[in-house]
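Participant: Have a look at this prediction, sequence included:
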Amino acid sequence: MSNPKIRRRPDRRIPALVVASAIVLLGALGLWWSITAIAAGQTLAGLDGLEGLTWGAPLLVAAGILAALIGMILLVLAVKPGRASVVEMNLDEFGATRTTVITTRGLGRIAAAEADRTDGTVSSRADARPGRVQVGVGTVAPSGREVEQVLSGRIQERYDALGLRRSPRVAVRTTKKEKR
């Protein structure tokens, strides 16, 4: 059975995971190296300007801890799922307890389809999020405001008919086109 919450994963999860793992590994290696060098009382040889510092110097310990913390934060961000990209719907005809979801991509496609079916529109593009839907419409109509109002109302009616638990706000923006 599939997970009821569809989540958008970060786009660059694999590279972020590799970088975060490398930083955590370097931080852990630096910490281990520091502890063994402190125990032996060695100095840092080979690094210009740092020869006088020992591995236990507060500057180096702080740098190692900072690198480890940055690596851990990047690791958590790489693995953590993204925000929910769905809106819940009630299925009243099957009982009050039945729910399902519609993806935000589906909400955008519904809005774009309504825009394409509206008289006077030449092109349409919709960007949907769980809380809002923005529709860009190219129109040949003399009054873009009328098209915005009609289209906004039609899309909102369509969302209300779906039985969405929280209906997104609809914003329509028109641009004047010369020809179809």
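Facilitator: Done, it's in.
Participant: Quick check: mean pLDDT of the strand or helix carrying Arg158?
Facilitator: Arg158 is part of helix 144-162 when elements are defined by DSSP states H and E. On average, the pLDDT along helix 144-162 is 89.
Participant: report the angle between the axes of the helix or strand encompassing Val172 and helix 144-162?
Facilitator: Using DSSP H and E, Val172 sits within strand 169-176. Relative orientation of strand 169-176 versus helix 144-162 (axes from the mean of the first three to the mean of the last three Cα atoms, to 10 degrees): 150 degrees.
Participant: So what touches strand 169-176?
Facilitator: Residues from elsewhere that reach strand 169-176 (Cβ atoms under 8 Å, 6 or more residues apart in numbering): 111, 115, 131-141, 144-145, 147-148, 151-152, 155-156, 159. (Each C-beta comes from the backbone N, C-alpha and C, glycine too.)
Participant: And the longest helix anywhere in the chain, what's buried?
Facilitator: In the chain, taking DSSP state H as the definition, the longest helix is helix 13-40. Neighbour-count burial for helix 13-40 flags Ala16, Leu17, Val19, Ala20, Ile23, Val24, Gly27, Gly30, Ser34, Ala37 (criterion: 16 or more other Cβ atoms under 10 Å).
Participant: what's the answer for stretch 100-115, then?
Facilitator: Neighbour-count burial for stretch 100-115, counted by 16+ other Cβ under 10 Å, picks out Val101, Ile102, Thr103, Thr104, Leu107, Gly108, Ile110, Ala111, Ala112, Glu114, Ala115.
Participant: ok, now stretch 73-86?
Facilitator: Leu74, Leu75, Ala78, Ser85, Val86.
Participant: May I have the distance across that stretch, first residue to last?
Facilitator: The first and last residues of stretch 73-86 sit 27 Å apart, counting by Cα to Cα, to the nearest Å.
Participant: got the buried residues of helix 13-40 as JSON lines, with distance to Val122 columns?
Facilitator: JSON lines is the format used below for the buried residues of helix 13-40 (distance: Cβ to Cβ, whole Å):
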{"residue": "Ala16", "distance to Val122": "41"}
{"residue": "Leu17", "distance to Val122": "44"}
{"residue": "Val19", "distance to Val122": "45"}
{"residue": "Ala20", "distance to Val122": "46"}
{"residue": "Ile23", "distance to Val122": "50"}
{"residue": "Val24", "distance to Val122": "53"}
{"residue": "Gly27", "distance to Val122": "56"}
{"residue": "Gly30", "distance to Val122": "60"}
{"residue": "Ser34", "distance to Val122": "66"}
{"residue": "Ala37", "distance to Val122": "70"}
